[in-house]
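Asker: My questions concern the predicted model and sequence given below.
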Amino acid sequence: MWSRLSLTSKYLFFRFIPPHLRINNLRLFSPRFFMNMERCEVRCVPSESTMTISFKIHGSNKQLLRDKSETLGKSLKRISKHSLFAQNKVNKIKRIKKEAANQEANMPEASLNVDGEQVSHQIINSEAWQDGAVLKVGNFEYKVDRNPPRFTICELTSSLMVGFPVCPKLEIEFGDLEHCQFKWFKESAPNDQIHATTDLWEEAGHGRVFTPTHQDIGLRLKLKCTPGNGSRFGEHKEVVSTGPINAGPGVCTFDNRHVYTQNLTDENSLRVVSYNILADTYAQTDLSKSFLYPYCAPYALQMDYRQHLIKKELSGYNADIICLQEVDKSVFLDILIPSLDAFGLDGVFKIKERQHEGLATFFRRSKLRMLERYDLMLSEALTSDDLNKKLLEKVSTKPCLESKIEKLATTLQVTVLQSISNPSRVLCIANTHLYWKPTGGNIRLVQMAVALNHLKRVMMEKHPGASLIFSGDFNSMPCSGVFQLISEGSVSEDHVDWKSGGLEEQIQMKLTSPFQLYSAYGAPDFTNFTREFKGCLDYIFVDKQKLVVEQVIPLPSLEEVTACVALPSVSHPSDHISLVCDLKWTD
């Protein structure tokens, strides 16, 4: 009947409602009221002593923090007062707030009802506010939504570029990102060209990731995301980019490499990436800007810019395992986790003590699940673990060497993964970044000996039968003792690296490896390329008995890395080059 009334009839109907009732009754007689009751969101978490009750009344958003053990009656009385204050604000009646007697008289009645029956005011809040209950405040009614899925964080990066994936930073409560809905919108025209008669936004895509095209240059993006948990949805959120989409750098050093990694690997193969992404904490030093990378445009050293290259490069490899070095904690949390999670990878992080950067390992959750972590700081393990007793005795004979090693925060990240399709396949993923000084070959040998002892214990005592993949930035050339120890199985006591620190640090000790490993890439000419240094420092070492290399993704050519003098550059985010290879199980 209501829908058949003319606009004039509806106007006359409401015109004669007394003013003091008009706000409530406009809503009461609206057909929208019957179809879409307003929501009262209740957040009640078992581990917390308080709960929040959120609703909107008289155009004012209310959020009450109440003790879970408080009686319902006290909370309803507080809700009534808030409703009265909101009504007074609308009507600009300030004197009521000053007159206690009038305040009580004008306070709207509040009640909570379940299945049409009023809930006792003596019941405590945590039990009274049930999902689906109805809160009544005067003539207003609200459906109680207890612990609905909701976004606690929903953000877009401040800079956007053509061809680079946009991955929002999202944190959800009571929900799962896999069950959320995402809609992307772009401006119908640049902001300064939009007229009042123009629709500001037009739909541009779906899904968690959006990649702008050349047609989008100069336009802002908007994301509308609705949280879900598989059974219901919460209130949607909208976020608009602070700036427009920019053109970007054009062709990058890794674009040609993506041709080899367009598809995911099958269940019998694994694609592994190892990459030192250049920590922001190092890229922004005066030494980096004036000496190490003076040829690189200052904006291209900023993480706000480099993050786009890192995200595009890593996502384009479609990897199953990614081992990263020099990862700032903020980069892991705010950039890598949101973006790589959107591409199906979970990640773990190990920060170096006393530093702001560390190691990160990501794995494809549809193929692998994490069993355990066995991370450690190598200097601590040297002095505290009996496995290293003989090694410590040797090191202790040179106090200068011992003191140096003890001050280092070099870390080994060890993540044990299991194949979901074939649980008998277990992987031990070791990720490290060894001491960096060119004269520190002796220190790196000691660090590697500690790492191998730790891995031996993990694989023989904790996970017998597991396969080892050992990757990272070893800061070691192919002629080094570290490379020889890993790839050949031993290093002699007279290797030249023992003498690298001078006589006051020199020890002599034969080291052996309990593993049979080989370098997936062999020994390329360079994996690190700056104006001052060019050489191979990064490796992916693979278990000979369990895994074979199917393919290695070709490294960028000399012409590509020198297009902007050296690395990093506007088209490459780090001074290192990522290693990418496909491995196949031999069982």
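Answerer: Sure, I can see it. Numbering: from 1, shown residues only.
Asker: Sketch out the helices for the stretch 351-500 of the chain, chain order is fine.
Answerer: 378-384, 389-396, 399-406, 441-457, 481-488 (DSSP state H, counting those that start in this stretch).
Asker: what would the ones you listed look like in CSV with mean neighbour count?
Answerer: To be clear about C-beta, it is placed using only N, CA and C from the backbone, and glycine gets the same treatment. Shown next, in CSV, are the helices of the stretch 351-500 of the chain (neighbours: other C-beta atoms under 10 Å):
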stretch, mean neighbour count
helix 378-384, 18
helix 389-396, 15
helix 399-406, 16
helix 441-457, 23
helix 481-488, 21
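Asker: Rebuild those as CSV, extending it with mean pLDDT.
Answerer: Below are those laid out as CSV (pLDDT from 0 to 100):
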stretch, mean pLDDT
helix 378-384, 98
helix 389-396, 97
helix 399-406, 97
helix 441-457, 98
helix 481-488, 98
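Asker: Figure out which of the ones you listed is closest to Y282.
Answerer: Nearest to Y282 among the helices of the stretch 351-500 of the chain is helix 441-457 (19.0 Å), distances taken as C-beta to C-beta.
Asker: before we move on, back to that, any chance of the helices of the stretch 351-500 of the chain in JSON lines, with distance to L156 too?
Answerer: What follows is the helices of the stretch 351-500 of the chain, written out as JSON lines (distance: least, C-beta to C-beta, whole Å):
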{"stretch": "helix 378-384", "distance to L156": "39"}
{"stretch": "helix 389-396", "distance to L156": "50"}
{"stretch": "helix 399-406", "distance to L156": "44"}
{"stretch": "helix 441-457", "distance to L156": "40"}
{"stretch": "helix 481-488", "distance to L156": "43"}
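Asker: Quick check: D280 touching D328?
Answerer: Yes. D280 is within contact range of D328, at 5.0 Å (criterion: C-beta atoms under 8 Å).
Asker: So for these two, which residue has more residues nearby?
Answerer: D328 (24 against 21; other C-beta atoms under 10 Å).
Asker: Quickly list what that one is bridged to.
Answerer: Beta-bridge partners for D328, by DSSP bridges, are E357.
Asker: need the contact list for it.
Answerer: Residues in contact with D328, defined by C-beta atoms under 8 Å, 6 or more residues apart in numbering, are A279, D280, T281, M303, H356, E357.
Asker: returning to what we had before: who wins for proximity to I420 among the helices of the stretch 351-500 of the chain?
Answerer: Judging the helices of the stretch 351-500 of the chain by C-beta to C-beta, what sits closest to I420 is helix 441-457, at 23.6 Å.
Asker: Now do the closest one: distance to the chain's middle.
Answerer: Relative to the centre of its chain, helix 441-457 is centred 31 Å away, using C-alpha atoms, centre = their mean, to the nearest Å.
Asker: helix or strand for the residue nearest to the spatial centre of the chain, which one?
Answerer: Centroid-nearest residue in the chain, with C-alpha atoms, centre = their mean: I337, separated by 1.6 Å. Applying DSSP states H and E as the criterion places I337 in helix 337-342.
Asker: tell me what that helix is packed against?
Answerer: helix 303-316, strand 345-351 (3 or more C-beta pairs under 8 Å, 6 or more residues apart in numbering; DSSP states H and E).
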